[in-house]
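[1] Build me a structure from this.
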Amino acid sequence: MNRSLPLNALQVFNVAASELSFARAADRLFVTHGAVSRQIRTLEDALGLPLFERRNRAVFLTPAGERLHTTTRQMFEQLASTVASLRTTSPARALVVSCEPTLAMRWFIPRLGAFAQMHPDIALHLHSAGGPLDLASAGVDIAIRRNDFFWGHTLVAEPLADEWIGPVGLPASFDTPHLKQLHTRSRPHAWQDWHRATSPRQTAVDEAPHLNASRTTATPPFEHFYLSLQAAGAGLGTAIGSVYMVSDELNAGRLVAPYGFVRDGSAYVALAREPFAEDPARETLLHWLRATLAESASQWISGVAPAHTR
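    Purely as a prediction, here's the structure:
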């Protein structure tokens, strides 16, 4: 016989077999005595054999009923246990991360897949924003920022990595007596910061006299740091780039940085409302950010280590 057994009838049978009473089963199931009898009859018809013996208003399980009850009791107990577990287990909430736009687009997003493979139990929702942020009202768990502004006294700040900058562009952009310097309004002093950082050793300027102000041509500034780097990649001139934001292009040979990178005195930090150690997911992301930023920089700068090991 290939007829499927009705689940509702199995449930009614399981209660009636536990109670050995159709009346008590009806009370437990909030149905009538007749409804219980009909469900049991439906199940017996589907199986082609009796499950209860009816004697003097009492019911008793047949050998077939005993065997079926052993299975249904285990089945419904396991089902009840699973449902209870599902109701009490809440899914892990995704970490909401706010990251400066250029770092997010050129460094973080290309590495999200690697993070997901390493930590499949931690979901990230990435927002792109820069500068001050009210983490509570924005619903943000972690903000990744450069420490070029005051974020107040209520946030926890964990160091991620020092900023390293240097001129980047296509090879042809450096093979010219008059360099086109690309500027950006979001980092208006980037070239001055690079010159200041190189002044103690003068290596880059000595090797590249055309980087001196008298041998350069400045273009109108771009609105955002990201756009100046895109322009450098398009051959429109040379921009000051962060090593983290250009490491992929350097590795692929799409950009060159013939004068290397120097610290500009700023750094990246991770901001949160509570200590990172209080949440394993936040702490895991913090360690991953430090290690992965250091790895990106170490390919182009010797002696770079994650911030917490220095």
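
[2] Pop the domain breakdown of the protein in here.
    Under the assignment the TED database, the domains of the chain span 7-87, 95-160+267-298, 164-198+213-265.

[3] Quick check: which of those is buried the most?
    Across these, the average number of neighbours (mean count of other Cβ atoms under 10 Å) peaks for domain 164-198+213-265, which reaches a mean of 18. C-betas here are computed from N, CA, C, even on glycine.

[4] From one end of that domain to the other, what's the distance?
    8 Å (Cα to Cα, to the nearest Å).

[5] Mind putting the domains of the chain into a markdown table with mean pLDDT?
    Compiled in a markdown table, the domains of the chain are given as follows (pLDDT from 0 to 100):
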| stretch | mean pLDDT |
| --- | --- |
| domain 7-87 | 89 |
| domain 95-160+267-298 | 93 |
| domain 164-198+213-265 | 89 |
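
[6] ranges for the helices of the stretch 101-250 of the chain?
    With helices called from DSSP state H, counting those that start in this stretch, the stretch 101-250 of the chain shows them at 101-103, 112-118, 135-138, 171-174, 190-198, 203-207, 225-233, 243-252.

[7] Which among the ones you listed is found nearest to Ala23?
    Closest of the helices of the stretch 101-250 of the chain to Ala23 is helix 112-118, at 56.8 Å (criterion: Cβ to Cβ).

[8] CA atoms only for the closest one, dumped as CSV, please.
    Extracted C-alpha coordinates of helix 112-118, given in CSV (Å, rounded to 0.1, in the frame of the first residue of the first chain):
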residue,chain,number,x,y,z
LEU,A,112,35.1,41.0,2.1
GLY,A,113,35.0,37.6,0.3
ALA,A,114,38.2,36.5,2.1
PHE,A,115,36.8,37.6,5.4
ALA,A,116,33.6,35.7,4.8
GLN,A,117,35.5,32.6,4.0
MET,A,118,37.6,32.8,7.1
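
[9] Please identify which of the helices of the stretch 101-250 of the chain is closest to Pro258.
    Pro258 lies closest, by Cβ to Cβ, to one member of these: helix 171-174, at 5.7 Å.

[10] Outside of the closest one itself, which residues are in contact with it?
    167, 179-180, 208, 232, 235, 237-238, 256, 258 (Cβ atoms under 8 Å, 6 or more residues apart in numbering).

[11] Take those residues and keep only those in strands.
    167, 179-180, 238 (DSSP state E).

[12] Max pairwise distance over those residues: which two?
    Maximum pairwise distance in the ones in strands among the contacts of helix 171-174, criterion Cβ to Cβ, is 11.0 Å, between Pro167 and Lys180.

[13] Mind listing the shared neighbours of the two?
    What both Pro167 and Lys180 touch, as defined by Cβ under 8 Å, 6+ apart, is the set Thr238.

[14] Distance-wise, check the residue of the chain most remote from its centre relative to Asp279.
    Residue farthest from the centre of the chain, counting by Cα atoms, centre = their mean, is Asn56 at 67.0 Å. To Asp279, Asn56 is 66 Å away according to Cβ to Cβ, to the nearest Å.
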